[in-house]
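Student: Below is the sequence, then the predicted model.
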Amino acid sequence: MARWRTPVPAGARPNGPPQPGEQGILPRRDERDLARALTRADLSQALAVCAVDPVSSVLATARLEIAARAGFGAAAGQAWGFPDVGPLEAVCWAGANLVPVIPLTDPGRRAEAVAAFAEVARVHGRRSSSIVGEQWAALALWEHLSPYWPPARDVRADQPSMAIGTAPALPPEPTVRRSVPAELGLVLPACVRMFTEEVGYSPVATGGSAYAERVRSLITEGRSFVRLVPDVGGNPAVAFKAELGAVAGGVAQVQGVWVEPAFRGRGWSESGMAAVVTATRASIAPVVSLYVNAYNERAVAAYRRVGFEQVGTFATVLF
């Protein structure tokens, strides 16, 4: 697993936010320290930057691959590159999520990349629902932006990034399988319940057609996994579910793991995840990853029992 590890050297954080009276004033910098919007001609370079650490960059890589195939409109966002002149050293995906990918080792150069991306983000204003990525980069980006953007709803500063590139350590649950389009009416409510528990609000409270379409597309693409059991009336109900939220660069990132409360404490998340890992490695990607809040100690322990190892640390700033 060492090749996926993303060490966080000390001193990598950029300078703090502006002092009083400095709001809205950014120093002039050398052109090499600026970021620029990328075009499709830049995407091979951007993907090469992401390939340095496929696990930590999978969210950005997935969007960049769509942009390379079908354009930025299809990818629903844009990409920024650093520096403005010369070979790319870092990229940042700006869409539903703001995802910095900065595989630099020099602390000073890291800080310059963060500052460059923050300047572009400040000019554009907040359009993303979150900042997510490697812990140091996501938190440093938010440190730059917090004086200008609205307050964050939540900052999840410690999220172990975990991955497995082997068969799971536990037997997979044989009844876990890919869901099918006809089961959208079962899967979508389970996804909404998971999202509401995890994030604190319903993704369909104001209509939610985009969220429903996202769930539908994951089912259609074979990236939604479920375990169905009979409910009290004998009708099928979702007892376990998980999705592959991002697949790119040989990595599949699991998101939305959820067990119906009535079945929690029985090891169903472990056996279910073992099944997801087995199926994913067989036909989708050789490496399966996820990230989880460190305070959710039960989930961290469950993933370790499946065979996941921590390979880095993420952070997420939610708006």
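Tutor: Structure's in. What do you need?
Student: Now the terminal residues of stretch 289-301, how far apart.
Tutor: By C-alpha to C-alpha, to the nearest Å, the extent of stretch 289-301 from end to end equals 15 Å.
Student: swap that for stretch 195-204, please
Tutor: 10 Å.
Student: please begin residue numbering at 394 from this point
Tutor: Okay, using 394 as the starting number, the last item reads as stretch 588-597.
Student: list the buried ones in it?
Tutor: Judged by neighbour count using 16 or more other C-beta atoms under 10 Å, the buried positions of stretch 588-597 are 588, 596, 597. Placement of C-beta: from N, CA and C, glycine included.
Student: Including pLDDT and distance to residue 701, could those go into a markdown table?
Tutor: Shown next, in a markdown table, are the buried residues of stretch 588-597 (pLDDT from 0 to 100; distance: C-beta to C-beta, whole Å):
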| residue | pLDDT | distance to residue 701 |
| --- | --- | --- |
| 588 | 89 | 22 |
| 596 | 84 | 26 |
| 597 | 81 | 30 |
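Student: Pick out whichever of these sits closest to residue 635.
Tutor: residue 588 (13.1 Å; C-beta to C-beta).
Student: what about that closest one, which SS state?
Tutor: helix (DSSP: H, G, I helix; E, B strand; the rest coil).
Student: swap in the one 10 residues further on?
Tutor: Per three-state DSSP, the secondary structure class of residue 598 is coil.
Student: Distance check, it against residue 588.
Tutor: 10 Å (C-beta to C-beta, to the nearest Å).
Student: can you check residue 643 too?
Tutor: Taking C-beta to C-beta, one finds residue 643 at 27 Å from residue 588.
Student: Residue 629 too?
Tutor: Distance of residue 629 to residue 588, computed by C-beta to C-beta: 21 Å.
Student: got it, and residue 529?
Tutor: As judged by C-beta to C-beta, residue 529 and residue 588 stand 27 Å apart.
Student: before we move on, what about residue 676?
Tutor: Counting by C-beta to C-beta, the gap from residue 676 to residue 588 is 26 Å.
Student: cool, and residue 546?
Tutor: Distance of residue 546 to residue 588, given as C-beta to C-beta: 14 Å.
Student: Could you list the paired strands of whatever helix or strand residue 649 lives in along with their orientation?
Tutor: Per DSSP states H and E: residue 649 is located in strand 644-652. Looking at strand 644-652 with DSSP bridges, its partner strands are strand 629-641 (antiparallel), strand 680-684 (parallel).
Student: Done for today, thanks.
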